[in-house]
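[1] Next come a sequence and a model predicted from it.
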Amino acid sequence: MAQGPALVCRLLASSVSVAHKAGNIIRDVMQKGDLGIIEKGENDLQTEADRSAQRCIVASFKNLYPNVNIVAEEVDKISQNLDVPADWLITDLDPKILDLECPKSLLNVTEDQVTIWVDPLDGTSEFTKGLIDHVTILIGVCVNDEAVAGVIYQPFWQNRGRALWGLVGSGVGGFELKEPPQTKKVYVTTRSHYDKAIEKFIDGLKPCEVIRVGGAGNKVLYILEGKAHAYVYPSAGCKRWDTAAPEAVLRAAGGELTDVHGNKYSYSKENEKDPLNKYGVFATAPSYNHTEFMKLISDIQSKNVKND
Ligand SMILES: Nc1ncnc2c1ncn2[C@@H]1O[C@H](COP(=O)(O)O)[C@@H](OP(=O)(O)O)[C@H]1O
Ligand SMILES: [Mg+2]
Ligand SMILES: [Mg+2]
Ligand SMILES: [Mg+2]
């Protein structure tokens, strides 16, 4: 009997379609100009765009995939209200993604094995400062504890937005994958959560250039588009919704994302209660050997401990 597209492919196709709508919502909030900023904690903001984009994304997924587990960043009452306008409930599935051949290992995945990690607006700090190029929407499709597919959506790319996607074992799309320069080492790190300890750590890597930009999604884009060799964040602060989609897209392209020890984070639903990426974020370009890079990181850490 002929079978329809596999669940993982349908989830990725939905992610692309839903991200386009959430992008519209974010652009509308920016255009109206009333961002409705709330301070959730120290150096941790939320806006009307974060809340509304999350409501659109979560309501759409719950409607189409009632048994899939969804973990989204915003936990307040307004963001969790799924009574959304009818046109926010997206049922389209991006046809290009549905045409993809699903990797064999993912063909038989069932809803109960899936957790979708949603960051409705990554780079909120930059968004509130008008640095709109740093903003992305992140939807990561995870099976058991692995990030296997994801969308990084840039709502302000060329004033209209674009979806960059990846399916591990299949490939990436929506952008041109580029290698970083061979002549110099470039590292990308946080703009808004920078401190002396991070500065010292990165100095130890002796980079030729350090780029500081907002957003976990945006930093992985720097790697994918050949502007940086690695994303270095030697600090706790990012959560699983910040890294699920970027990790999936990067892995699908041949790169890697781990903690400071070179271990993968788990994206299983059990992490909902403790989603913090406690041991930092270290991501490398496809052509940059992650194991060797993590060895360099480990040497630097030992040196720092000796000198302290
Ligand atoms: N020390 C910290 N405290 C709170 N959030 C942090 C953090 N470090 C990183 N993050 C979160 O990780 C994402 C990327 O951070 P950065 O731009 O500093 O690299 C941001 O996501 P959001 O913008 O979705 O909240 C940010 O809030
Ligand atoms: Mg946030
Ligand atoms: Mg984020
Ligand atoms: Mg966010």
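    Yep, it's here. Ligands and ions are numbered 1, 2, ... in the order given.

[2] next SSE after the helix or strand where Tyr222 lies?
    Per DSSP states H and E: Tyr222 is located in helix 216-224. Going down the chain from helix 216-224, the next helix or strand is strand 230-233, by DSSP H and E.

[3] about what we covered before: quick check, the helix holding Tyr222 touching ligand 3?
    No - Helix 216-224 does not reach ligand 3 (CB under 5 Å from the ion); its nearest approach is 5.5 Å. C-beta here means a position set from N, CA and C on the backbone, and glycine is covered the same way.

[4] Kindly export that helix (C-alpha atoms) in PDB.
    Extracted in PDB, the C-alpha atoms of helix 216-224 (Å, rounded to 0.1, in the frame of the first residue of the first chain):
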ATOM      1  CA  ALA A 216      22.100  31.100  19.000                       C
ATOM      2  CA  GLY A 217      20.400  30.600  15.600                       C
ATOM      3  CA  ASN A 218      22.200  33.600  14.100                       C
ATOM      4  CA  LYS A 219      25.600  32.500  15.300                       C
ATOM      5  CA  VAL A 220      25.100  29.000  13.700                       C
ATOM      6  CA  LEU A 221      24.100  30.900  10.500                       C
ATOM      7  CA  TYR A 222      27.500  32.600  10.700                       C
ATOM      8  CA  ILE A 223      29.100  29.100  10.500                       C
ATOM      9  CA  LEU A 224      26.800  27.800   7.800                       C
END
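
[5] residue ranges of the helices in the stretch 151-300 of the chain, please?
    196-204, 216-224, 240-253, 290-307 (DSSP state H, counting those that start in this stretch).

[6] what angle sits between the helix holding Tyr222 and helix 240-253?
    With axes from the mean of the first three to the mean of the last three CA atoms, to 10 degrees defining the directions, helix 216-224 sits at 20 degrees from helix 240-253.

[7] Tell me which residues of the helix ranked longest in the chain come out buried.
    For the chain, the helix that runs over the most residues, judged by DSSP state H, is helix 7-32. Of the residues in helix 7-32, 7-27, 29-30 count as buried by neighbour count, 16 or more other CB atoms under 10 Å.

[8] Tell me the helices and strands packed up against it.
    helix 48-64, helix 95-98, strand 114-122, strand 136-143, strand 146-154, strand 162-167 (3 or more CB pairs under 8 Å, 6 or more residues apart in numbering; DSSP states H and E).

[9] Could you look over the ones you listed and pick the most buried one?
    Mean neighbours per residue, mean count of other CB atoms under 10 Å, is largest over those for strand 136-143, with a mean of 30.

[10] That one vs strand 146-154, what angle?
    Per the same axes, to 10 degrees, the angle that strand 136-143 makes with strand 146-154 is 160 degrees.

[11] So strand 136-143, near ligand 4 or not?
    No - judged by CB under 5 Å from the ion, strand 136-143 stays clear of ligand 4, getting no closer than 7.8 Å.

[12] Residue numbers of the stretch 101-250 of the chain in contact with ligand 3?
    Asp119, Asp122, Asp242.

[13] Go again with 6 Å.
    For the stretch 101-250 of the chain, the residues in contact with ligand 3 (CB under 6 Å from the ion) are Asp119, Asp122, Ala216, Asp242.

[14] and the closest residue to the third one other than its chain neighbours, what pLDDT?
    Using CB to CB, 6 or more residues apart in numbering and skipping residues adjacent in sequence, the residue nearest Ala216 is Asp242, 3.9 Å away. Taken from the predicted model, the pLDDT recorded for Asp242 is 99.

[15] right, and Asp242 touches Leu276 too?
    No - using CB atoms under 8 Å as the test, Asp242 is too far from Leu276 to be in contact (10.1 Å).

[16] neighbour-wise, which of these two wins?
    Neighbour count, other CB atoms under 10 Å: between Asp242 and Leu276, Asp242 has more, with 27 against 12.

[17] And the more buried one, how far from Asp195?
    Computed as CB to CB, to the nearest Å, the Asp242 to Asp195 distance reads 18 Å.
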